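Undergrad: let's see this in three dimensions:
(chains A and B)
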Protein chains: 2
Amino acid sequence: MLNFTFYNPAKIYFGAGQEAKVGEYVAQYSKKILLHYGGGSIKKNGIYQKVADSLRKSGVAFVELGGAQPNPRLSLVRKGIQLCKEHGLNFILAVGGGSVIDSAKGIAVGVCEQEDIWDYYMGGSDRITQALSIGVVLTIPATGSESSPSSVITNEENDMKRSIATPHVIPKFAVLNPEFTYTLPPYQIACGASDILSHLMERYFTQVDHVDFTDRLLEASMRTILDHGVLALEHPEDYHARAEMMWVGTVAHNGLLNTGRIGDWASHHIEHELSGIYDIAHGAGLAIVTPAWMKYVCHANMDRFVQFATRVFDVSYPMEEKESIVREGILRLEAWYQRMGLPIRLSEVGIGRDRFAEMAGKCMIGRSREGNFQKLDQEDIIKIYELAL
Amino acid sequence: MLNFTFYNPAKIYFGAGQEAKVGEYVAQYSKKILLHYGGGSIKKNGIYQKVADSLRKSGVAFVELGGAQPNPRLSLVRKGIQLCKEHGLNFILAVGGGSVIDSAKGIAVGVCEQEDIWDYYMGGSDRITQALSIGVVLTIPATGSESSPSSVITNEENDMKRSIATPHVIPKFAVLNPEFTYTLPPYQIACGASDILSHLMERYFTQVDHVDFTDRLLEASMRTILDHGVLALEHPEDYHARAEMMWVGTVAHNGLLNTGRIGDWASHHIEHELSGIYDIAHGAGLAIVTPAWMKYVCHANMDRFVQFATRVFDVSYPMEEKESIVREGILRLEAWYQRMGLPIRLSEVGIGRDRFAEMAGKCMIGRSREGNFQKLDQEDIIKIYELAL
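TA: Predicted coordinates for the structure are as follows:
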């Protein structure tokens, strides 16, 4: 186990009806805020009205900025920064999923810091020393952004997707009402579950040894999302399945589960290039990239993949058959993606090999090597894309 | 799953050498503090010197209060309150285990609040609105007090042991260096592991259903302390076993593992009366009381005990043999306590039935029923003591 610092001061209000007090929670920070949301589904399903009512009841004035899209765009972040500065807004309430929250985080930093906001995303994360306070009303369980220190933004000028990670953007509070997920399309639930599982796997596949406690917490979390992802799909208004999925999504990314270990994150970055160019859903991209990454890197530490297969997927082949155990673990993971209705090959979503070199090249910009479980270069990444065809 | 609020802003600095910066961490809050510790072992093993050097280096002046004992006493809390008021100290650094930290929490509340400090422990916890800030250098993994909102104090005037729980006493930071536990006697390690396991079991045995994620996290944590408790005993200077044990001890009690559920806590309270009167170690008392409690209450929800036996202790009897499965689970728990060198019967520590009625009566003071898994009255508690003979 490595030395670490763990600190996550986000306050979580979890359960049905918790949004009723969001105005009170916001009013502790500001009476004039930016209300940030996505494509407008919150106006159809009534969430917008509930939040707006609660804000008004607590005397909180708000300027609205809708339009955050999946793979949130730099241009909207810039617009939000301008709005906050123009109107003197010093708090952002993000109502939506990870895209809205990540967009809000970019705005929060941009309002307070001096450099161009994109510079921080291009490797300048450590230079961030301040940000506006953020609150969240979560509507999609997936990214964990509601209590995480990270944000991913796509620069549509050059199709680059990059991230920041700084405690300054950890939301002050997040309201999690599982009922808000009832109206999500099945594909979005599946993509959310895939993203949550990936956050757990990226942390699980480490070369740091003696990490037994966090290994077991991660295995517990993976089993939970594997089970309740399926249940949430099969029973769209099962409160309990939605609640389990929502809470594991937050805990997966709040920092606890990578204490004392170094995660990998190559699959995430290799996927970011896919969804940066082709605009497929991040969770679907992960279902395609992750098994390919596993097949490519598993020999870098077979024991870890054996532990994954046996403890998470209950593979119980004889222990001398390590290759078979690991292969079966990956096959069971692929079968789960398929059961969730997700693609597991690029060919299923109509992507060919023509831009592999370009994506692999982009993935390496600003990085000497990709990933930690096995250090990858541009050639390795192309081979992983090939395995995903 | 029940609605919940989760908030734990304690900052954890974990690993070898982390104490070197404790002066810096303290200086962010105060330059004139109370340094609180226990029986003086920290002066023998060098921890006192390291902490004092770091405080001086950061220009932090300190008044010392040693002498916190296992089952920390109200009289020392009163003395600490007086010291802080006299010298104008507005921060407490607790260097030690749970007793020292719990004592520091009592002092922290007493300095700021108006009522007599014992009134808060006798059911007035909700009236606490402020407390001095606390920092911790942990030397014994056990109580989880280093990031928990609770404190248990013994009033030696009437042998009563009572607790408070308020977010105001969550330490601002805690330094956890596993090497600091190398010099602990084996019995103290065993008692610490028992206390940690109990914190997990008290949360696990709930009547709230649909708590699958926290169930699995608790099972993961229980398996970790079962394994690494034994390893820590067998290999006193195995950094990894000590690290796993120390970190699970903190997470067990930081609030995450009881989100959405209601714990039991009868075993803890029934034990408090034992250690309040006989002054045996809390962890040893738990090893005696818990199996007896299990035998008495298991029929209130056999499925939960079946899950415990199968998932935590790998009992794999046929599922129609529920009684045997549950019995075997409890026997395996007792076997673990014995392997850890702990007593599992009152007779082993020379305690007879003569004060059962008195202890059971005290346990009920201020409570209409004890526990949540099965509501217990005074007669029930006497029967549990009988089962522990």
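Undergrad: for A:G361, what are its contacts?
TA: Applying C-beta atoms under 8 Å, 6 or more residues apart in numbering or on different chains to A:G361 gives the contacts A:Q378. (Glycine included, C-beta is placed from N, CA and C.)
Undergrad: pull up the residues of the stretch 251-389 of chain A that are close to chain B.
TA: A:V251, A:L256, A:T259, A:G260 (C-beta under 8 Å from any C-beta of the partner chain).
Undergrad: wait, which of these is closest to A:E328?
TA: A:E328 lies nearest to A:V251 out of these, by C-beta to C-beta, at 27.8 Å.
Undergrad: if I pick that closest one, what's in contact with it?
TA: A:S221, A:L257, B:F213, B:L256.
Undergrad: and those, which is closest to B:V60?
TA: Nearest to B:V60 among those, with distances taken as C-beta to C-beta, is B:L256, at 31.4 Å.
Undergrad: look at that closest one and report its pLDDT.
TA: On the pLDDT scale, B:L256 is placed at 97.
Undergrad: for A:G40, same thing?
TA: So A:G40 comes in at 87 (pLDDT).
Undergrad: helices along the stretch 201-350 of chain A, start to end?
TA: A:212-234, A:239-251, A:266-278, A:282-297, A:302-313, A:322-339 (DSSP state H, counting those that start in this stretch).
Undergrad: out of those helices, the one nearest A:L138 is which?
TA: A:L138 lies closest to helix A:239-251 among those, at 7.2 Å (C-beta to C-beta).
Undergrad: what helix or strand is A:L76 on?
TA: Taking DSSP states H and E as the definition, A:L76 sits inside helix A:74-87.
Undergrad: what is the next helix or strand after that helix packed up against?
TA: Next along the chain after helix A:74-87, taking DSSP H and E as the criterion, comes strand A:91-96. Packing partners of strand A:91-96 (3 or more C-beta pairs under 8 Å, 6 or more residues apart in numbering or on different chains; DSSP states H and E): helix A:22-27, strand A:32-37, helix A:47-57, helix A:98-112, strand A:133-138.
Undergrad: those: which one's closest to B:Y278?
TA: helix A:22-27 (47.0 Å).
Undergrad: pLDDT of that closest one, averaged?
TA: Per-residue scores along helix A:22-27 average to 98.
Undergrad: ok, and the most crowded of the contacts of A:V251?
TA: Among those, A:S221 has the most neighbours (other C-beta atoms under 10 Å in any protein chain shown), with 28 neighbours.
Undergrad: can you tell me how far that residue sits from A:T129?
TA: Look at A:S221 and A:T129: by C-beta to C-beta, to the nearest Å, they are 32 Å apart.
Undergrad: again, but for A:L83
TA: Distance, A:L83 to A:T129, by C-beta to C-beta: 22 Å.
Undergrad: just to revisit the earlier point, with mean pLDDT and distance to B:D314 as added columns, please give the helices of the stretch 201-350 of chain A in a markdown table.
TA: Below are the helices of the stretch 201-350 of chain A laid out as a markdown table (pLDDT from 0 to 100; distance: least, C-beta to C-beta, whole Å):
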| stretch | mean pLDDT | distance to B:D314 |
| --- | --- | --- |
| helix A:212-234 | 98 | 14 |
| helix A:239-251 | 98 | 24 |
| helix A:266-278 | 92 | 32 |
| helix A:282-297 | 97 | 28 |
| helix A:302-313 | 98 | 13 |
| helix A:322-339 | 98 | 19 |
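Undergrad: to A:G371, which of the ones you listed lies closest?
TA: helix A:266-278 (3.0 Å).
Undergrad: identify the residues contacting that closest one?
TA: A:71, A:152, A:154, A:159-161, A:198, A:201-202, A:280-282, A:285-286, A:288-290, A:293, A:297, A:349, A:351, A:355, A:358-360, A:362-363, A:367, A:370-374, A:376, A:381, A:384-385.
Undergrad: list only buried entries from those residues.
TA: Buried subset of those (neighbour count, 16 or more other C-beta atoms under 10 Å in any protein chain shown): A:71, A:152, A:154, A:159-161, A:198, A:201-202, A:280-282, A:285-286, A:288-290, A:293, A:297, A:351, A:355, A:359-360, A:362-363, A:370-374, A:376, A:381, A:384-385.
Undergrad: show me these that map onto strands.
TA: Among the buried ones among the contacts of helix A:266-278, DSSP state E puts A:V152, A:T154, A:M160, A:K161 in strands.
Undergrad: show me what contacts the last one?
TA: Translated: A:K161. A:N71, A:V152, A:I153, A:T154, A:N155, A:H272, A:E273, A:S275, A:G276.
Undergrad: 7 Å instead, please
TA: Shown in contact with A:K161 (C-beta atoms under 7 Å, 6 or more residues apart in numbering or on different chains): A:N71, A:V152, A:T154, A:H272, A:G276.
Undergrad: pretty sure A:K85 sits against A:V111.
TA: Yes - counting by C-beta atoms under 7 Å, A:V111 is a contact partner of A:K85 at 6.3 Å.
Undergrad: fine by me, thanks again.
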